[in-house]
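J.: structural data only, the sequence is not supplied:
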């Protein structure tokens, strides 16, 4: 009887468990340095509450550090873009700065000088109400740059820049106020200081789009408190959306939400009613101020406001 031949053992070609998966190794090489960086930043960050939306977030610098670094960074930017910055006597600069002055008044009206200061946070005090102490003694700077891009931006420390490519589409003071109010809102909310910005590809994540919607909301209140009709803002967002040709896809992959979403969020009944009340109060204040000013001018020869 023939004996059955035993088959040779099949040698496994799979990797031992201890052998590193190349994809995991690659992921670790890419992610771990950022994770370490994020962990360090998280340890030194401070918890704050955003005005108006009351969202809790963590910021990387104290307000004094933000102002210091903001001034340094903006001075460097001005050196690089010096030839493109419009002079103070340029009519476009005059227009934008006049409206920006009103917007800054709106910021001060909404957020008076009673905010929480850095020392309160450093001493570990419980911080529940929104922080506005970083707005104290802020060195606001507003520039117009000769650039065809439809763009405006703000940076830490109260710096706001508008491109002429954007400005040419802004037909009324209220539209300009919508843009400046939005950028001022980024400063109010300290978006440039957020811990989440240390995450790789932050701008492609939902956090970035959330910050833009938050700035829209706060900016709407600021422009209303500055005396500009907030009802302009939702229609303006639609208009800009048509100009730049954005789509609903922006809500998923864009650095900013779609213009349709931004317009819809600004048009919400409770949001617009609150903004209109601020607008009404400011208009009444101005009318009263003008009446008193006329009286003082007629009696004493100078204006009171």
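T.: That came through, no problem. Keep in mind the model is a prediction, meaning the values are calculated, not measured. Numbers count the residues shown, from 1 in each chain.
J.: pLDDT weak spots in the stretch 51-200 of the chain?
T.: Within the stretch 51-200 of the chain, the stretches with pLDDT under 70 are 113-129, 195-200.
J.: how about the helices in it?
T.: Using DSSP state H, counting those that start in this stretch, the helices of the stretch 51-200 of the chain run over 63-81, 91-110, 118-122, 164-167, 173-189.
J.: and of these, who's closest to residue 51?
T.: Judged by Cβ to Cβ, the one of the helices of the stretch 51-200 of the chain that comes nearest to residue 51 is helix 173-189, at 5.9 Å. C-beta coordinates here come from the backbone N, C-alpha and C atoms, glycine included.
J.: residue 155 against residue 74, yeah?
T.: Yes: using Cβ atoms under 8 Å, residue 155 is in contact with residue 74, at 6.2 Å.
J.: coming back round to it: for residue 287, find the nearest of the helices of the stretch 51-200 of the chain.
T.: helix 91-110 (15.5 Å).
J.: thinking again about what came up before, reformat the helices of the stretch 51-200 of the chain as JSON lines; add distance to residue 291 and mean neighbour count.
T.: Shown next, in JSON lines, are the helices of the stretch 51-200 of the chain (distance: least, Cβ to Cβ, whole Å; neighbours: other Cβ atoms under 10 Å):
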{"stretch": "helix 63-81", "distance to residue 291": "38", "mean neighbour count": "15"}
{"stretch": "helix 91-110", "distance to residue 291": "19", "mean neighbour count": "19"}
{"stretch": "helix 118-122", "distance to residue 291": "41", "mean neighbour count": "14"}
{"stretch": "helix 164-167", "distance to residue 291": "34", "mean neighbour count": "18"}
{"stretch": "helix 173-189", "distance to residue 291": "23", "mean neighbour count": "25"}
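J.: let's have those helices in TSV, adding distance to residue 214.
T.: TSV is the format used below for the helices of the stretch 51-200 of the chain (distance: least, Cβ to Cβ, whole Å):
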stretch	distance to residue 214
helix 63-81	18
helix 91-110	15
helix 118-122	21
helix 164-167	21
helix 173-189	6
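J.: so which of those gets nearest residue 232?
T.: helix 173-189 (4.0 Å).
J.: just how off-centre is that closest one within its chain?
T.: Centre-to-centre, helix 173-189 and its host chain are 9 Å apart (Cα atoms, centre = their mean, to the nearest Å).
J.: give the other helices and strands that the helix or strand following it contacts.
T.: With elements assigned by DSSP states H and E, the helix or strand that comes after helix 173-189 is helix 206-225. For helix 206-225, the elements it packs on are helix 91-110, helix 173-189, helix 232-244, helix 259-266, helix 269-300, judged by 3 or more Cβ pairs under 8 Å, 6 or more residues apart in numbering; DSSP states H and E.
J.: which other residues reach the shortest one?
T.: Looking back up the chat, that one is helix 259-266. Here helix 259-266 makes contact (Cβ atoms under 8 Å, 6 or more residues apart in numbering) with 212-213, 216-217, 220, 230, 233-235, 237-238, 240-242, 244, 246, 248, 250-251, 256-257, 271-272.
J.: what do you get for the third one?
T.: Residues from elsewhere that reach helix 232-244 (Cβ under 8 Å, 6+ apart): 150, 169, 172, 174-175, 177-178, 216, 219-220, 223, 258-260, 262-264, 266-267, 272.
J.: tell me which residues of that helix are tucked away?
T.: Residues of helix 232-244 classed as buried under the neighbour-count rule (16 or more other Cβ atoms under 10 Å) are 232-234, 236-237, 239-241.
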